[in-house]
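# my questions are about this predicted structure, shown below with the sequence.
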Amino acid sequence: MDSTEKSHINRLIEKLLDKSNEDPMKFGDQLVRIGGEEIQEKLIHVLKSGEMDDAFLATKVLSMMDNKELALDALFEVIHRPANQHQNGGLVSLVEEFDIIDKFVDLFRVYLFGNFKSSTLAKVHLDYAEFDITPRTLKKAQKHWNHFLNNSSNGDDFELKKAEAGTILAELKELLDDEE
């Protein structure tokens, strides 16, 4: 990629993130059409280092590109940051744009520890998405479950999540036991 192309891509990303643009996704569409690993890397950088509005736009564009696995890992990294816990619902809403078959533990963690919006969205995915569940998956989910039980305050929300998450884990354990 020559310097002219890099400059053009940088301008498109700047326009995508420019708050004065009424339709930033027209620049996102152009980035998707150009495609490529370099654009993905730049957008992942925006996702990881930008404010939530910028991260949302970068994720939206990444969700329309090929080879989305790296972008999904970066998305969950940003979602799980404690500093983003109270403002990550928009990012969680974009998870459905990706293949989440291997992301049960990440979504379970968002369900347990997220704010109302992100927790609710994660629960929908847990209820309706298809996941590849292995004994290791269950073990990791159990680890987060134990952390939740030991570190969350006891309120109505706690009791509801405790009951629902306990049911989810029991059903998964039963499913895995039946397969053996």
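Everything's here; your move.
# need the contact list for residue 110.
Listed by C-beta atoms under 8 Å, 6 or more residues apart in numbering, the contact set of residue 110 reads 79, 80, 88, 92, 118, 119, 121, 122. From N, CA and C alone the C-beta is placed, and that goes for glycine too.
# out of these, the closest to residue 18 would be?
Taking C-beta to C-beta as the measure, residue 18 sits nearest to residue 88 out of those, at 22.9 Å.
# strands of this protein, start to end?
Listed in chain order, the chain contains no strands at all (DSSP state E).
# where does it dip in pLDDT?
The model of the chain has pLDDT under 70 over residues 1, 180.
# would you mark the buried spots in the longest helix along the chain?
Ranked by residue count under DSSP state H, the longest helix found in the chain is helix 156-179. The neighbour-count criterion (16 or more other C-beta atoms under 10 Å) identifies 161, 162, 165, 168, 169, 172 as the buried residues of helix 156-179.
# which residues touch that helix?
Helix 156-179 is touched from outside by 108, 111-112, 119, 123, 126, 133-135, 137-138, 141-142, 145, 148-149, 152, with contacts defined as C-beta under 8 Å, 6+ apart.
# hey, C-alpha coordinates of it in CSV?
Extracted C-alpha coordinates of helix 156-179, given in CSV (Å, rounded to 0.1, in the frame of the first residue of the first chain):
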residue,chain,number,x,y,z
ASP,A,156,-32.7,-8.2,43.9
ASP,A,157,-30.6,-8.1,40.8
PHE,A,158,-28.1,-10.5,42.5
GLU,A,159,-30.7,-13.0,43.4
LEU,A,160,-32.2,-13.0,39.9
LYS,A,161,-28.8,-13.4,38.2
LYS,A,162,-27.9,-16.1,40.8
ALA,A,163,-31.0,-18.1,39.9
GLU,A,164,-30.7,-17.7,36.1
ALA,A,165,-27.0,-18.2,35.9
GLY,A,166,-27.2,-21.2,38.2
THR,A,167,-29.8,-22.7,35.9
ILE,A,168,-27.6,-22.0,32.8
LEU,A,169,-24.6,-23.7,34.3
ALA,A,170,-26.6,-26.7,35.6
GLU,A,171,-28.1,-27.2,32.2
LEU,A,172,-24.7,-27.0,30.5
LYS,A,173,-23.2,-29.5,33.0
GLU,A,174,-26.1,-31.9,32.3
LEU,A,175,-25.6,-31.5,28.6
LEU,A,176,-22.0,-32.3,28.8
ASP,A,177,-22.6,-35.2,31.2
ASP,A,178,-25.1,-36.6,28.7
GLU,A,179,-22.5,-36.5,25.9
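# what is the burial count for the residue nearest to residue 125 when sequence neighbours are not counted?
Excluding the flanking residues, the one nearest residue 125 by C-beta to C-beta, 6 or more residues apart in numbering is residue 107, at 5.0 Å. Residue neighbour count, defined by other C-beta atoms under 10 Å, stands at 25 for residue 107.
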